[in-house]
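[1] I need the structure of the sequence given here:
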Amino acid sequence: MAETVSVDDQGIWVVRPNGTTGLPWVEVTKVAVYASALPPDGRRILWMDATHVSGEFVEINDLTAGFDEAVAAVASRSGRGPVDLSRLQSSDPPVEIYRAEA
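    Modelled structure (predicted):
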């Protein structure tokens, strides 16, 4: 079973072979996307970090089924336009796509 990520009105959900990790929206403080380069060949991988009110976070990478759709859904939820993931480089700072209202 492959990992999958989904976003709905309740929160962000990652289904893994050993169970589901969920972050309800009321517990999410921010979400950001960024790129990194994996050794040894520098292969580019994208990440989405969803930060919990406790400071803990859930990291989801673009090898996870539903990644692009999840990023789009989070950005849409915040009223932000779509994020051009193809332009993210490992030298770029994280791009915040969601921040909880204070």
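
[2] residue 72 belongs to a helix, doesn't it?
    Yes: applying DSSP: H, G, I helix; E, B strand; the rest coil, one finds residue 72 inside a helix.

[3] could you count how many residues lie near it?
    By other CB atoms under 10 Å, the residues close to residue 72 number 17. The way it works is simple: take the backbone N, C-alpha and C, and place the C-beta from them, glycine included.

[4] what residues are up against it?
    Residues near residue 72 by CB atoms under 8 Å, 6 or more residues apart in numbering: 82, 83.

[5] now do residue 12
    5, 6, 22, 23, 28, 31, 50, 58, 70, 74.

[6] just say helix, strand or coil for it.
    Secondary structure, three-state DSSP: residue 12 is strand.

[7] hey, what's it bridged with?
    Beta-bridge partners recorded for residue 12 (DSSP bridges): residue 7, residue 23.

[8] kindly provide the distance from residue 85 to residue 45.
    Distance, residue 85 to residue 45, using CB to CB, to the nearest Å: 11 Å.

[9] overlap in contacts, those two.
    Residues touching both residue 85 and residue 45 (CB under 8 Å, 6+ apart): residue 62.

[10] about what we covered before: among the contacts of residue 12, which ones are buried?
    Among the contacts of residue 12, those classed as buried by 16 or more other CB atoms under 10 Å are 5, 6, 23, 28, 31, 50, 58, 70, 74.

[11] I'd say residue 37 and residue 47 touch.
    No: if you go by CB atoms under 8 Å, residue 37 and residue 47 don't touch, sitting 11.7 Å apart.

[12] pick out whichever of these two has more residues nearby.
    residue 47 (17 against 12).

[13] so what pLDDT did that one get?
    Looking at residue 47, its pLDDT is 97.

[14] residue 22 now?
    Model confidence at residue 22, given as pLDDT, is 87.
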